[in-house]
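Chemist: Next comes the sequence, and after it the predicted model I'd like to discuss.
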Amino acid sequence: MVAKIIQIILSPILALIVGVFFLGLARKIMARIHWRYGPPLVQPVIDIIRLFYQKSVSHGRMFDLGIVLSLAGSIVVVLFLPFGRICPLSSSGGLLVILYIMLLAPLGMALSGGQGANPNISIGISRKLILSLGYEVPLLLVLLAVMTHYKTISIVEMINVQQSSNWSIISWPLFLSGLSYFLILPAILGIRPFDVSSAPQEISSGSMVEYGGKYLALATIEHAFALFISIALFVNLFLGGAANPVIFFVKMLVVFVLCLFIHAVFPRFRIEQAIKYLWRWPTLLAFLGLIIAAATRS
Amino acid sequence: MDRNKIAKWLKEPAKMANKYSLHVIYFCTGCGIIEIPPVITSRWDAERLGIIPVATPRQANLFLITGYVSVKTLRAIIRTYEQMLEPKYAIGFGSCPINGGMYWDSYNTIKHLDKYIPIDGWIAGCMPRPEAIFIAVTHLWTLIDKGMANGYIRYRENYEFYRRNQEMALGKLDWPPLYQIRSDVKAVENE
């Protein structure tokens, strides 16, 4: 009982540290690819401290609550995701619950932005929802294939099977699904070429345009959690999870750095190009993967 | 990070974080903006000092006014400055915002920007080199350390003065005052 409570407190803190570290690492690696020196690794922490000390302007009750809802949704998802062997709520729920609660974060941002009454926010939110329509289709097909193959919705059991045999991305029935998840990972993370919803040059960073001070700090923390969640889900489902947090972290790091290389060299899609891409190759691969997983099910 | 900075961080986290996380909103009023791309990209790399450009005044805490200020852009500058969140710093870049520069006798430009919004520091020159921005930033660090980068406090305290000057330049302003105007207090003259 006490161990479980400690885990419930520990796992969001671990996720936050990993997410914020990733934010700093992203800026450093991007700088090195641009042949710059880059900011210190702790720059996001400095930014967050600065933002918490700034005055902030609210635009109404929903503006405050939406961002809190989004942050809370992210933290709850973290509790359901195994981080190495740390998984406080492993016995309940599983993939289906994660699928439902993952919707809370963008929903909260949309509710909060709606009160902001800035036209850039509406454009950003509508782009974000259209983009999520784009990647939810292949994502659902991929998760369906995984659940069909392993005949369970529990992530912990999937990890146990993968630990005793092969990682699912290098075993044949789930190879296409894993590939498809990796192709839509930049869209889930909202990085280039899919950063249409937060494009600073086009729509003044979209849904973030009215956030300043503490709101921006909370939004940054939420972004760190979102980074953690989508990469940890990939590692858990396809790279075999891990027996301890260190190996898990290394696997996440590899996936994230690969995504960063894509982020660094690609220009931005327009929204209809993004949808065209997402509904063509990743969806096709995910669909084939689902058929193979269903056909080879013993 | 420097080891002797840690004590400073523990003592005054707000000051240190303000120093090392300057999110800049660059205002492309005039020709000075051409010096900004080399500053933020690989040639001079301002990001190693924590200086990055942001797209919206809500996220920014440093306002860099680059080049001459025409009467029309003054309106946008005031709106942008008032939308930024405290603590906020403003820097005038180039000689035109200081005293009009080569537009000293133009009918359509503002000669002294610090009559309309408070400026924490100036970068003189026509044009200043990109290195001058880094010198300005290190000076701004010193000012923040000493608590002398207090433009936003001066704006709050002398709001009547600034508002009156703004109204003289722009006619009637179509936005409400940011702070309460104390009619019984005589407007303070700025040096």
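Modeler: Nice, I can see it.
Chemist: Would you mind listing what in chain B touches chain A?
Modeler: Contacts of chain B with chain A, taken as CB under 8 Å from any CB of the partner chain, map to B:1, B:13-14, B:16-18, B:20-21, B:23, B:41-42, B:45, B:47-50, B:52, B:54-56, B:58-59, B:61, B:84-87. The way it works is simple: take the backbone N, C-alpha and C, and place the C-beta from them, glycine included.
Chemist: Which ones among those residues lie within helices?
Modeler: Those of the residues of chain B next to chain A mapping onto helices are B:13-14, B:16-18, B:20, per DSSP state H.
Chemist: Quick check: phi and psi at residue B:93.
Modeler: Dihedral angles of residue B:93 (phi, psi; degrees, to the nearest 10) stand at phi -120, psi 120.
Chemist: isn't it right up against residue B:63?
Modeler: No - using CB atoms under 8 Å as the test, residue B:93 is too far from residue B:63 to be in contact (10.3 Å).
Chemist: which of those two has more neighbours?
Modeler: A direct count of neighbours by other CB atoms under 10 Å in any protein chain shown for residue B:93 and residue B:63 places residue B:93 higher, at 29 against 23.
Chemist: what's the helix or strand for the residue most central in space within chain B?
Modeler: By CA atoms, centre = their mean, chain B has its centre lying nearest to residue B:90, at 1.2 Å. Here residue B:90 sits within strand B:89-93, counting by DSSP states H and E.
Chemist: next SSE after that strand?
Modeler: Toward the C-terminal end, the helix or strand that comes next after strand B:89-93 (DSSP H and E) is helix B:95-99.
Chemist: Packing partners of the strand or helix carrying residue A:138?
Modeler: Using DSSP H and E, residue A:138 sits within helix A:119-150. With contacts taken as 3 or more CB pairs under 8 Å, 6 or more residues apart in numbering or on different chains; DSSP states H and E, helix A:119-150 sits against helix A:95-101, helix A:104-116, helix A:155-164, helix A:172-189, helix A:200-203, helix A:271-278, helix A:281-295.
Chemist: and the angle from it to helix A:172-189?
Modeler: Here helix A:119-150 points in a direction 170 degrees away from that of helix A:172-189 (axes from the mean of the first three to the mean of the last three CA atoms, to 10 degrees).
Chemist: distance between helix A:119-150 and the chain's centre?
Modeler: Centroid displacement of helix A:119-150 relative to its chain, using CA atoms, centre = their mean, to the nearest Å, is 11 Å.
Chemist: and what of stretch A:223-237?
Modeler: A distance of 5 Å separates the centroid of the chain from that of stretch A:223-237, by CA atoms, centre = their mean.
Chemist: one step back: now the residues of chain B next to chain A: which count as buried?
Modeler: Restricting the residues of chain B next to chain A to buried positions leaves B:16-18, B:20-21, B:23, B:45, B:47, B:49-50, B:52, B:54-56, B:58-59, B:61, B:84-85, B:87, with burial counted as 16 or more other CB atoms under 10 Å in any protein chain shown.
Chemist: quick revisit: Serialize the helices and strands packed on helix A:119-150 to TSV and add fields for mean pLDDT.
Modeler: TSV is the format used below for the helices and strands packed on helix A:119-150 (pLDDT from 0 to 100):
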stretch	mean pLDDT
helix A:95-101	85
helix A:104-116	84
helix A:155-164	80
helix A:172-189	86
helix A:200-203	82
helix A:271-278	89
helix A:281-295	88
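Chemist: can you tell me which of those helices comes nearest to chain B?
Modeler: Proximity to chain B (CB to the nearest CB) singles out helix A:200-203 among the helices and strands packed on helix A:119-150, at 3.9 Å.
Chemist: Can you list the low-confidence ranges for chain B?
Modeler: For chain B, residues meeting the criterion pLDDT under 70 lie at B:1-2, B:183-191.
Chemist: Which residue ranges of it form helices?
Modeler: Listed in chain order, the helices of chain B (DSSP H) span residues B:5-11, B:13-20, B:36-40, B:71-83, B:95-99, B:130-146, B:151-157, B:159-170.
Chemist: Show me the contact partners of the first one.
Modeler: Right, helix B:5-11. residue B:16 (CB atoms under 8 Å, 6 or more residues apart in numbering or on different chains).
Chemist: Report the distance from it to the chain centre.
Modeler: When C-alpha coordinates are averaged (CA atoms, centre = their mean), helix B:5-11 and its chain have centres 27 Å apart.
Chemist: how about it: buried residues?
Modeler: So, applying 16+ other CB under 10 Å, helix B:5-11 has no buried residues.
Chemist: May I see the buried residues of stretch A:259-269?
Modeler: Buried residues in stretch A:259-269 (16+ other CB under 10 Å): A:259-260, A:262-264, A:269.
Chemist: Up against chain B, what does chain A have?
Modeler: So far as CB under 8 Å from any CB goes, chain A lies against chain B at A:27, A:31, A:34-40, A:42-43, A:46-47, A:49-50, A:53-57, A:200-201, A:204-205, A:208-213, A:216.
Chemist: List only those of those flagged as buried.
Modeler: For these, a burial check counting by 16+ other CB under 10 Å picks out A:27, A:31, A:36, A:38-40, A:43, A:46-47, A:49-50, A:53-54, A:56-57, A:200, A:204-205, A:208-213, A:216.
Chemist: Narrow those to those in helices?
Modeler: Secondary structure assignment by DSSP H places A:27, A:31, A:43, A:46-47, A:49-50, A:53, A:200, A:216 of those in helices.
Chemist: among those residues, which two are most distant?
Modeler: Farthest-apart pair in those is A:31 and A:53; separation 25.6 Å (CB to CB).
Chemist: Now residue A:116. Nearest residue, chain neighbours left out?
Modeler: Leaving aside its sequence neighbours, residue A:116 sits nearest to residue A:210 (CB to CB, 6 or more residues apart in numbering or on different chains; 3.9 Å).
Chemist: can you pull the pLDDT of the closest residue to residue A:203 other than its chain neighbours?
Modeler: In space, and not counting its chain neighbours, residue A:203 is closest to residue A:120: 4.6 Å by CB to CB, 6+ apart. On pLDDT, residue A:120 comes in at 88.
Chemist: correct me, but residue A:60 touches residue A:115?
Modeler: Yes - counting by CB under 8 Å, residue A:60 sits close enough to residue A:115 to count as a contact (4.4 Å).
Chemist: who's more crowded, these two?
Modeler: Taking neighbours as other CB under 10 Å, residue A:60 and residue A:115 compare with residue A:115 leading, 18 against 13.
Chemist: Isn't that one up against residue A:65?
Modeler: No - using CB under 8 Å, residue A:115 is not in contact with residue A:65; the gap is 9.2 Å.
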